[in-house]
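Student: structure of the sequence below:
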Amino acid sequence: MTGSIRRIKPLKFKTKLDLMDQEQAKAIDQASRYILQNVGIRMPLPAALDLLEAAGAKVDRSCSLVFIPPDLVDQSLRQAPASFFLCARDAENDLHLDGEHGYLTLDGCGLQVIDLESGKLRKSCLKDLEKATLVADYLEEIAFLWPIVSAQDKPKSLQPLCELAAQLQYSSKHVQAMTAVSPRSAHASVEIAAAVAGGRTALRARPLISNFQCSISPLNYDPEGLEAAMIFADAGIPTGFLTMQIGCSTAPATLAGSLAQANAEVLAGIVFMQCYRPGSPTFYGSCATVMELKTGAVCCGGPEDFILQALTAQMARYYKLPSNVGTFATGAKASNWHAGVESAMSGTVSAFAGADMMCGAGLLAGAVIFSFEQLLLDCEIYEIVRRTVGGITVNAETLALETIARVGSGDHFMVEPHTLEHMRELWQPVLINRSPYSKWLAEGCREAEENAREKALWILENHHPLPLEVGLKEEIEKIITAYL
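Tutor: Numbering: from 1, shown residues only. Here you go, the predicted model:
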């Protein structure tokens, strides 16, 4: 079995949910423009200050504050492409960010893993990422990859490179190199991706990786992240900007205020990118949450998170930009009822809101703990949501009028040719147990989590991803070694 046999399952939007009307969206936009023009955003990179000042922004170099006028925001939004492709080693896995499809990825950078063999919690390592990537390559619901756990057994400066290498080796899907947040790691990531693509020109034509840089709320960017974004843009790599604001802590307590601030931060990143490389593919992202008032930690679940997910997708559509929205990432500590409620609600909201990219499958405890079982359970939830969002097809064949007339009243459809032809289109669970109660009891009350663990072990034993070309693994290792 190879990775090229199984194809991804994107969402196909039939309708999109708006939680704000157009006047409210416009009010958020105007509030963000006020923040950018009058409060300013800190971008402590001299090259960024020079660039933005030359484009018409006011710059206070004493504190690295940039004040961006509305007309520069408008110009930048006009230059940013509304759609583009995220390419993959296997071209059949290319993703078109066209506003009509939604794609699921893994969550990012867990520090702990629930060991699949022992069930014990431990620190994550590169081997865990390799196994997780192999499983994700098999799963049709996962369309592209984030490094779901950190390679903590590798030198810190090399972790992003080892993670990218592992994901390119163990999957033929697109990789979002979201841990490359420094100029050094950006340069090396481009080198690795170019080696796999067949050179810099081939990589520019078919970007096998993408990247995003996060703002530091409130209203800051890291200078190394901005420089990394420039390096990726120079290579033709799609590079987005994403916020992770926390209401009551790094953002206002009100969701409108939190959204207005976050929107300003993302717009500032997009203005910077379009001033540097007009027309560069970019996207609008958010993994926003609120503070847990009893502990001061983050909630990672609950109505505020779900609303912010929907509003993020809506604001991205307002600006005609692809969105990257934090989805799933439950605060539950185990794959239990709590996790199921939050993942189901979160996945449903992101999907109906029209999120182009949905990140968050597979982590527990607020994106800290990786669980193979949770990854598969999240994919089962996603498949239910995907089927629901897709709606139905209505035509002469699906209306089945001839079959209904032939069966008439009082008979059944079980042996009808129309039934036999279409019955396998009905969703069948992989993990959920639909057995009668007596059978479920006789089988030891087996639950979905047990089925998920068994399935993950089967995938690790049986799935063989599309291999890298001969010699590429060694070439990538030389690139990484050069950055020691």
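Student: right, and residue 113 touches residue 122 too?
Tutor: Yes. Using Cβ atoms under 8 Å, residue 113 makes contact with residue 122 at a distance of 6.3 Å. From N, CA and C alone the C-beta is placed, and that goes for glycine too.
Student: so what's the most centrally placed residue in the chain up against?
Tutor: Most central in the chain under Cα atoms, centre = their mean is residue 359, positioned 2.7 Å from the mean C-alpha point. Going by Cβ atoms under 8 Å, 6 or more residues apart in numbering, residue 359 touches 105-108, 146, 176, 287, 324-327.
Student: ok, the host helix or strand of it: who's next to it in the sheet?
Tutor: Using DSSP states H and E, the element containing residue 359 is strand 357-361. Take DSSP bridges as the rule and strand 357-361 pairs in its sheet with strand 101-106 (parallel), strand 323-326 (parallel).
Student: of those strands, which is nearest residue 183?
Tutor: Minimum separation from residue 183 across these (Cβ to Cβ) falls at strand 323-326, 22.3 Å.
Student: just to revisit the earlier point, what about the strand holding residue 359, average pLDDT?
Tutor: For strand 357-361, mean pLDDT is 96.
Student: residues in contact with whichever helix or strand comes after that strand?
Tutor: Using DSSP H and E, the helix or strand that directly follows strand 357-361 along the chain is strand 363-364. For strand 363-364, contacts defined as Cβ under 8 Å, 6+ apart pick out 107, 110, 114, 148, 328-330, 332-335, 339, 369-371, 374.
Student: one more time with 6 Å, if that's ok
Tutor: Applying Cβ atoms under 6 Å, 6 or more residues apart in numbering, the contact partners of strand 363-364 are 107, 110, 329, 332, 370-371, 374.
Student: distance from the very next helix or strand once past that strand to the middle of the chain?
Tutor: Toward the C-terminus, strand 363-364 is succeeded by strand 369-370 as the next helix or strand (DSSP H and E). Centroid separation for strand 369-370 versus its chain: 16 Å, with Cα atoms, centre = their mean, to the nearest Å.
Student: name the residues of the one helix or strand residue 266 maps to that are buried.
Tutor: In this structure, residue 266 sits in helix 255-276 according to DSSP H and E. Residues of helix 255-276 classed as buried by neighbour count (16 or more other Cβ atoms under 10 Å): 255, 258-276.
Student: domain ranges for the protein?
Tutor: Per automatic domain parsing, the structural domains of the chain span 11-19+78-390, 396-425.
Student: quick one: the ones you listed as a markdown table, columns for distance to residue 50 too.
Tutor: As requested, those are arranged in a markdown table below (distance: least, Cβ to Cβ, whole Å):
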| stretch | distance to residue 50 |
| --- | --- |
| domain 11-19+78-390 | 10 |
| domain 396-425 | 58 |
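Student: still on that earlier bit, distance between the helix holding residue 266 and the chain's centre?
Tutor: Per Cα atoms, centre = their mean, the centroid offset for helix 255-276 relative to its chain is 19 Å.
Student: and if you look at stretch 407-414?
Tutor: 46 Å.
Student: which of the residues in it are classified as buried?
Tutor: By neighbour count on 16+ other Cβ under 10 Å, the buried set for stretch 407-414 is residue 407.
Student: hmm, who's touching stretch 474-481?
Tutor: Stretch 474-481 is contacted from outside by 161, 165, 191-192, 195, using Cβ under 6 Å, 6+ apart.
Student: hmm, try it at 7 Å
Tutor: For stretch 474-481, contacts defined as Cβ atoms under 7 Å, 6 or more residues apart in numbering pick out 158, 161-162, 165, 188, 191-192, 195.
Student: and if you look at stretch 437-452?
Tutor: 335, 373, 376-377, 431-433.
Student: measure stretch 281-300 end to end?
Tutor: 29 Å (Cα to Cα, to the nearest Å).
Student: again, but for stretch 412-422
Tutor: 15 Å.
Student: so residue 337 versus residue 448, what's the distance?
Tutor: Per Cβ to Cβ, to the nearest Å, residue 337 is found 11 Å from residue 448.
Student: would you mind putting the contacts of residue 359 into JSON lines with neighbour count alongside?
Tutor: Shown next, in JSON lines, are those (neighbours: other Cβ atoms under 10 Å):
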{"residue": "105", "neighbour count": "27"}
{"residue": "106", "neighbour count": "30"}
{"residue": "107", "neighbour count": "27"}
{"residue": "108", "neighbour count": "23"}
{"residue": "146", "neighbour count": "26"}
{"residue": "176", "neighbour count": "25"}
{"residue": "287", "neighbour count": "24"}
{"residue": "324", "neighbour count": "29"}
{"residue": "325", "neighbour count": "30"}
{"residue": "326", "neighbour count": "28"}
{"residue": "327", "neighbour count": "31"}
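Student: for the closest residue in space to residue 362 that isn't next to it in sequence, helix, strand, or coil?
Tutor: In space, and not counting its chain neighbours, residue 362 is closest to residue 375: 3.5 Å by Cβ to Cβ, 6 or more residues apart in numbering. Following DSSP: H, G, I helix; E, B strand; the rest coil, residue 375 is assigned to helix.
Student: what sits against residue 375?
Tutor: By Cβ under 7 Å, 6+ apart, the residues touching residue 375 are 135, 361-362.
Student: quick check: mean pLDDT of stretch 194-202?
Tutor: For stretch 194-202, mean pLDDT is 98.
Student: please apply the same query to stretch 232-246.
Tutor: 98.
Student: circling back: more crowded one of residue 337 and residue 448?
Tutor: residue 448 (18 against 9; other Cβ atoms under 10 Å).
Student: and the more buried one, backbone torsions?
Tutor: Residue 448 adopts backbone torsions of phi -60, psi -40, taken as degrees, to the nearest 10.
Student: same deal with the one 10 residues further on?
Tutor: When read as degrees, to the nearest 10, the backbone of residue 458 gives phi -60, psi -40.
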